[in-house]
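Q: Make a model of this:
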Amino acid sequence: MDGVTKHLMGEVDTIWVYNDGSTEDYSEVYESLPWQVNVEHNPKNKGVAEAKNWLMQKLLDEGCYIIIIAEDDIIPVHKKAVRGYIQAARASGISHMMFAHHGPGNAYGASYTTPVISTYPACVGAWSFFTKPGLEEVGLHDTNFHNAYEHVELTWRHVKAGLTTPWGYFADATGSDKWLQEIPESIDNSSIRKTTDWSLNTFKSLEYWKNKDPDFPLQHTLDDVIKQLKEAGDDKSTSTNKK
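A: Predicted coordinates:
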């Protein structure tokens, strides 16, 4: 929030913070925020898809054409964290992009680069750019995903609708690494990844996606997760559902 208030207050029209059932008392933090920042505190944790959908729907209801969803492990360090993405979208016609430099998935760099857009092999959803027309066409996150792959499947729907770059070449605005940073060790300290059911949630999400979508693009990933769960001896998770 320090990064948001320092760099983005004059760049956006509305800001919402969604606290998804935190057990810590952040009332003093909320009171210290600028008046333009709105806070919604949900007393019961409902998961990532529900939280992001609440924010996206709220912004759509307020008439926002550009929507950026920021997870709590990303820090804006420049006003182009918003402006740069808007410029890239206008220049490219792309409706959906993501900050690529979070976690190790894109550590080897871009697969393709232009002055406006760069593409990367990993789909990373910690800072995601959407447009109102794109979301109205493909919908919001599927809440049947629980803390795993919800943003990837939403990106897949944008790909199938022709609203972003092809699958496996995930779009980011060129230069975003100068506008945003990840909080150090945020992946290792993730409250979601530290839970004992993280691997099982991953399996259930991928299996659900496969069963609902005949064009399911991640069979190789599902196979790897099943193998890992079997090696770990998690018998209850290795019996896959059939269509």
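Q: quick one: buried residues of stretch 74-84?
A: I74, I75, P76, H78, K79, K80, A81, V82, G84 (16 or more other CB atoms under 10 Å). The C-beta positions use only the backbone N, C-alpha and C, and glycine is treated the same way.
Q: In helices, which of the residues you listed fall?
A: Judged by DSSP state H, the buried residues of stretch 74-84 include K80, A81, V82, G84 as members of helices.
Q: I'd like those laid out as a markdown table, including pLDDT.
A: Compiled in a markdown table, those are given as follows (pLDDT from 0 to 100):
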| residue | pLDDT |
| --- | --- |
| K80 | 97 |
| A81 | 97 |
| V82 | 97 |
| G84 | 98 |
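Q: List just the nearest of the residues you listed to L200.
A: Nearest to L200 out of these is A81 (CB to CB; 34.5 Å).
Q: okay, Q57: pLDDT?
A: With respect to pLDDT, Q57 has a value of 98.
Q: ok, now which ones touch H141?
A: Going by CB atoms under 8 Å, 6 or more residues apart in numbering, H141 touches V48, A49, K52, N53, M56, E150, H151, E153, L154.
Q: how far away is it from P133?
A: Separation of H141 from P133 (CB to CB, to the nearest Å) stands at 17 Å.
Q: For this structure, just list every one of the strands.
A: Using DSSP state E, the strands found in the chain span residues 15-20, 37-42, 66-70, 74-76, 97-98, 112-113, 117-120, 127-131, 170-173, 180-182.
Q: Tell me how far the residue nearest to W167 when sequence neighbours are not counted lies from Q36.
A: With CB to CB, 6 or more residues apart in numbering as the criterion, W167 has its nearest non-adjacent residue at 4.9 Å, and that residue is V159. V159 is 34 Å from Q36, where distance means CB to CB.
Q: How about I15?
A: According to CB to CB, I15 and Q36 sit 6 Å apart.
Q: Among these two, which residue is more densely surrounded?
A: I15 (18 against 11; other CB atoms under 10 Å).
Q: how's the chain carved up into domains?
A: Residue ranges for the domains of the chain, per automatic domain parsing: 2-185, 196-243.
Q: pretty sure K160 is in contact with D215, am I right?
A: Yes: with contacts counted by CB atoms under 8 Å, K160 reaches D215, the gap being 7.0 Å.
Q: And V116, how close does it get to V4?
A: In this view, V116 and V4 are 25 Å apart by CB to CB.
Q: need the helices for this structure, in chain order.
A: Applying DSSP H to the chain gives helices spanning 2-7, 27-32, 48-61, 80-92, 132-138, 150-160, 198-212, 219-232.
Q: Dump those helices to CSV, plus distance to C123.
A: Output for those, formatted as CSV (distance: least, CB to CB, whole Å):
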stretch, distance to C123
helix 2-7, 23
helix 27-32, 31
helix 48-61, 14
helix 80-92, 16
helix 132-138, 15
helix 150-160, 5
helix 198-212, 13
helix 219-232, 11
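Q: just those: most buried one?
A: Most buried of those, by mean neighbour count (mean count of other CB atoms under 10 Å): helix 150-160, with a mean of 22.
Q: C64 and T14 touch, don't they?
A: Yes: assessed by CB under 8 Å, C64 is found in contact with T14 at 6.6 Å.
Q: Show me which of these two is the more surrounded one.
A: Counted by other CB under 10 Å, C64 and T14 do not tie: C64 has more neighbours, with 17 against 13.
Q: Low-confidence regions, this protein specifically.
A: Applying pLDDT under 70 to the chain picks out residues 185-196, 198, 234-243.
Q: okay, stretch 105-119 in PDB with CA atoms only?
A: Written as PDB, here are the backbone C-alpha positions of stretch 105-119 (Å, rounded to 0.1, in the frame of the first residue of the first chain):
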ATOM      1  CA  GLY A 105       8.800 -19.300 -13.700                       C
ATOM      2  CA  ASN A 106      10.200 -16.700 -16.100                       C
ATOM      3  CA  ALA A 107      13.700 -16.500 -14.700                       C
ATOM      4  CA  TYR A 108      15.300 -17.200 -18.100                       C
ATOM      5  CA  GLY A 109      13.700 -14.100 -19.600                       C
ATOM      6  CA  ALA A 110      11.300 -13.300 -22.400                       C
ATOM      7  CA  SER A 111      10.600 -15.700 -25.300                       C
ATOM      8  CA  TYR A 112       9.800 -12.700 -27.600                       C
ATOM      9  CA  THR A 113      10.200  -9.000 -27.200                       C
ATOM     10  CA  THR A 114       9.000  -5.800 -28.900                       C
ATOM     11  CA  PRO A 115       9.300  -2.200 -27.700                       C
ATOM     12  CA  VAL A 116       5.700  -2.600 -26.500                       C
ATOM     13  CA  ILE A 117       5.000  -6.200 -25.500                       C
ATOM     14  CA  SER A 118       7.200  -9.100 -24.300                       C
ATOM     15  CA  THR A 119       6.000 -12.700 -23.900                       C
END
